[in-house]
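Q: With the sequence up front, the predicted model follows.
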Amino acid sequence: MKKIIALVLSLALLLGCASALAETEKTYTGEFNVDDQFTIKWVAPEGYVVEEVRSGNPGTMIARLVPAEGNEDKPIMLMSIAFDEQYAEVGRLNDLDAETLAEIEATFKEEDEVEITYMETAYGTKLMMIRETEDKVDYIDFFTIYLGYQVEFVMTKSSEEGDAFITDEQIQTAIQFLSDVDFVPAEQ
């Protein structure tokens, strides 16, 4: 009798987990194929449209999230993707040791006074978040590595914003967007 009850409870838990997963499944609004190596899928934030811009350089691409009509006062978000021979054997930023991460961090600290923290997407991809240490934030930068490609996402104020600075609410929009970004390797 105890085995039957345990079996019924296990089935109920499995059904509950499957139901929860179905509820959290995302409907992607766009995707970006990177050199037939992987695809980046996303859900564009409300008030944004995604433009894909291909660079003339092999292995380098750019996508822009730009404010849709009527939302011109929102920041612009740029994603650049470039293959880096130095990281050719690196699957994800998650795979790097502390020393290599410190070397990458140092490149961002050369230009500005920044604070660097880490976050993970809902799919487990580690992102380095680079933020100016001043109260008035002109940009926020997110960086990761995936299959040897450096992927950088920068949020900057739009030309329509004038002297305004990026707000914490706008930064949260970028964090939510990036949390839902999925990196999907190409089927070999």
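A: Received, thanks.

Q: got a list of contacts for whatever helix or strand residue 131 lives in?
A: Element membership of residue 131, judged by DSSP states H and E, is strand 126-132. Residues external to strand 126-132 that are found in contact with it (CB atoms under 8 Å, 6 or more residues apart in numbering): 92-94, 101, 104-105, 108, 112-121, 137-144, 171, 175, 178. In short, each C-beta sits where N, CA and C put it, glycine included.

Q: Return the list of strands paired to it, each annotated with direction.
A: strand 114-120 (antiparallel), strand 139-146 (antiparallel) (DSSP bridges).

Q: quick one, which of the ones you listed is nearest to residue 34?
A: Counting by CB to CB, residue 34 lies closest to strand 139-146 out of these; the figure is 8.4 Å.

Q: Please pull up the helix or strand immediately following that closest one.
A: strand 149-156.

Q: hang on, the earlier thing: of all the strands paired with strand 126-132, which lies closest to residue 32?
A: strand 139-146 (11.9 Å).

Q: What's the mean pLDDT across the closest one?
A: The average pLDDT within strand 139-146 is 90.

Q: Need the contact partners of it.
A: Against strand 139-146 from outside (CB under 8 Å, 6+ apart): 38, 84, 87, 90-93, 96, 104, 108, 125-132, 150-157, 166, 171, 174, 178, 183.

Q: right, so the strands paired with strand 126-132: which one is the most enclosed?
A: strand 139-146 (a mean of 21; mean count of other CB atoms under 10 Å).
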